[in-house]
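J.: Provided below for reference: sequence and predicted model.
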Amino acid sequence: MTVKRFDVGSWLDSPMSRRRLDLSQFTSERTAVAEICARVAADGDQALRELGKKFDGWAPGGNETFEVPARELAAAADRLPAADRAALEFAAQRIRDFHARQLQTASSGPPGLKLLTRPVRRAGLYAPGGRAAYPSTVLMTAIPARIAKVPEVVLATPPRADGTVPTAILAAAHIAGVDAVYRVGGAQAIAALAYGTTTIPRVDVVAGPGNIYVTLAKREVFGAVGVDGIAGPTEVLVIADAGARPDYVAADLAAQLEHDPLAWAVLITDSSQLADRVEGELESLIRGLERREIIRKANCCIVVAESLDQAMQLANDFAPEHLLIVTADASRRATQVENAGAVFVGPYATVPLGDYVAGPNHTLPTAGAARFASPLGVHTFMKRTSVLSLNRGDLEILRDACVRLAEMEGLGAHAHAVEVRLE
């Protein structure tokens, strides 16, 4: 495996330190996605059937529909191996407990002013399929929507060639309280959720990860529907000192690199010796991993900093999706974090715990978006409305400044709408 080594100067000069989500390079994919979304918007279920046969290898025929019969969700949970179901239910409860803290209620300001926080009417979730099933994605998206009290939560996921959906996906949907599961994947699934068809309802928010076609489709339909974000490949940045165990660090780097050939793993350390040992441990580790070819193609970098203070500065500039701090003073260093999707503190806080069972959400901002974005959460499915209940006394208090500002902007009708009420 080729691990790129940098000192601080060469790292800052490298485009790797300034990576961003550049969708402009996917010219043919963008064209294809735009065409798919337009077809679904125009032709609804008929387009979904044609696209399903082409991309998913299946489309409903006869009396079948895209929806998985509701009884199959509970049945899937019942036939799941007991240990698997217990793991899903354990994770679900941890996710519920954490996200319940995010609930927002109505708040008031000065007299006559109120901020209402309400759920959207319908949330559409997407769980990737294809080579693997991701029941954890179902839990991480559906549970926050349910805590937000969204009245209707639906899920789209790619079917197998025989039209079935993995048992683990259906079981997770049952445990998380999903109302309906639709057997449709890719860009056409996002379009169906955004625009609605005869059999798939139009939603207000689409959330959940996917491949480049799903990502581009979320960008294409944004505005017709809300989206949780435009995500890039997964990434982890580890800050470690000389006392960190190199095998632990190598394991955390490999765990994120196995997701995708475009994934990122960066180690920043003030110890050249640790950098050498981690590189050796990583090469030894991946030889025995099933997804070693994916790991070898991914982006792995080691940066040797002059100090841990400098390492923290570099991490804040990088704004990683996952930030793992493994230093003797890790708890103190965590207070210095400005930009990160999720922070993992100490040698035992490995990122996979956050991916599955710790409780915080695993749908996180990537490609530097942690500078301005937050993880998926209850707020993803909520909207805020300001309510102004003002009387004549309030109008008299606000009049002069309001009229003055309207006149500054040359909007005389605005000023008149205020003044006419006090004549």
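T.: Done, it's in. Numbering: from 1, shown residues only.

J.: ranges for the strands of the stretch 301-423 of the chain?
T.: Secondary structure of the stretch 301-423 of the chain by DSSP state E, counting those that start in this stretch: the strands cover 322-326, 342-345, 382-388.

J.: point out the most buried one among those.
T.: strand 322-326 (a mean of 28; mean count of other Cβ atoms under 10 Å). (Glycine included, C-beta is placed from N, CA and C.)

J.: same for it, what does it pack against?
T.: Using 3 or more Cβ pairs under 8 Å, 6 or more residues apart in numbering; DSSP states H and E, the elements in contact with strand 322-326 are strand 235-240, helix 246-257, strand 342-345, helix 351-356.

J.: who does the third one pair up with?
T.: Right, the one you point to is strand 342-345. Sheet pairing of strand 342-345 (DSSP bridges) gives strand 322-326 (parallel).

J.: I'd like the strands of the stretch 301-423 of the chain written out as CSV, with mean pLDDT and distance to Phe6 added.
T.: Below are these laid out as CSV (pLDDT from 0 to 100; distance: least, Cβ to Cβ, whole Å):
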stretch, mean pLDDT, distance to Phe6
strand 322-326, 98, 18
strand 342-345, 98, 23
strand 382-388, 94, 42
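
J.: show me the one of these that comes nearest Ala173.
T.: strand 382-388 (21.6 Å; Cβ to Cβ).

J.: which other helices and strands contact the closest one?
T.: strand 113-119.

J.: what is the strand or helix carrying Leu170 packed up against?
T.: Element membership for Leu170 (DSSP states H and E) is helix 167-176. If you count contacts as 3+ Cβ pairs under 8 Å, 6+ apart, helix 167-176 packs onto helix 71-79, helix 82-99, helix 135-147, strand 180-183.

J.: contacts only, for Gly229.
T.: Thr363, Pro365, Ala369, Ala373, Leu376 (Cβ atoms under 8 Å, 6 or more residues apart in numbering).

J.: which of the helices and strands packed on strand 322-326 sits most buried?
T.: Note that of the helices and strands packed on strand 322-326, strand 235-240 is the most buried (mean count of other Cβ under 10 Å), with a mean of 27.

J.: neighbouring strands for that strand, and are they parallel or not?
T.: Applying DSSP bridges, one finds strand 235-240 paired with strand 264-269 (parallel), strand 322-326 (parallel).

J.: and Asn391, how many neighbours?
T.: Using other Cβ atoms under 10 Å, Asn391 has 9 neighbouring residues.

J.: first to last residue in stretch 65-73, what's the distance?
T.: Stretch 65-73 has an end-to-end distance of 16 Å (Cα to Cα, to the nearest Å).

J.: so which bits of that stretch are buried?
T.: Using 16 or more other Cβ atoms under 10 Å as the burial criterion, the residues of stretch 65-73 that qualify are Phe66, Glu67, Val68, Glu72, Leu73.

J.: could you check the pLDDT of the nearest residue to the first one once chain neighbours are set aside?
T.: The reference is to Phe66. Nearest non-adjacent residue to Phe66, counting by Cβ to Cβ, 6 or more residues apart in numbering: Tyr182, 4.7 Å away. pLDDT recorded at Tyr182 is 98.

J.: likewise Gly412?
T.: So, for Gly412, pLDDT stands at 96.

J.: in stretch 1-10, what counts as buried?
T.: Met1, Val3, Arg5, Phe6, Val8.

J.: for stretch 373-383, same thing?
T.: Neighbour-count burial for stretch 373-383 [16+ other Cβ under 10 Å]: Ala373, Pro375, Leu376, Gly377, Val378, His379, Thr380, Phe381, Met382.

J.: the last one pairs with what?
T.: Meaning Met382. Under the criterion used (DSSP bridges), Met382 bridges to Pro119.

J.: pretty sure it sits against Val120.
T.: Yes: if you go by Cβ atoms under 8 Å, Met382 and Val120 touch, sitting 7.4 Å apart.

J.: now the residue sitting nearest the centre point of the chain: closest residue in space that isn't a chain neighbour?
T.: In the chain, the C-alpha nearest the mean C-alpha coordinate belongs to Thr363, at 3.1 Å (Cα atoms, centre = their mean). Leaving aside its chain neighbours, Thr363 sits nearest to Leu376 (3.7 Å; criterion: Cβ to Cβ, 6+ apart).

J.: need the contact list for the one you found.
T.: Residues near Leu376 by Cβ under 8 Å, 6+ apart: Met140, Thr141, Pro144, Ala207, Asp228, Gly229, Asn361, Thr363, Leu364.

J.: retrieve the pLDDT associated with it.
T.: For Leu376, the model assigns a pLDDT of 97.

J.: and if you look at Glu396?
T.: Glu396 is assigned 95 on the pLDDT scale.

J.: residues near it, how many?
T.: 11.

J.: now do the contacts for the nearest residue to it once chain neighbours are set aside.
T.: Take Glu396 and drop its neighbours on the chain: the residue closest to it by Cβ to Cβ, 6+ apart is Leu422, 6.8 Å away. Taking Cβ under 8 Å, 6+ apart, we find Leu422 in contact with Arg392, Leu395, Glu396, Arg399.
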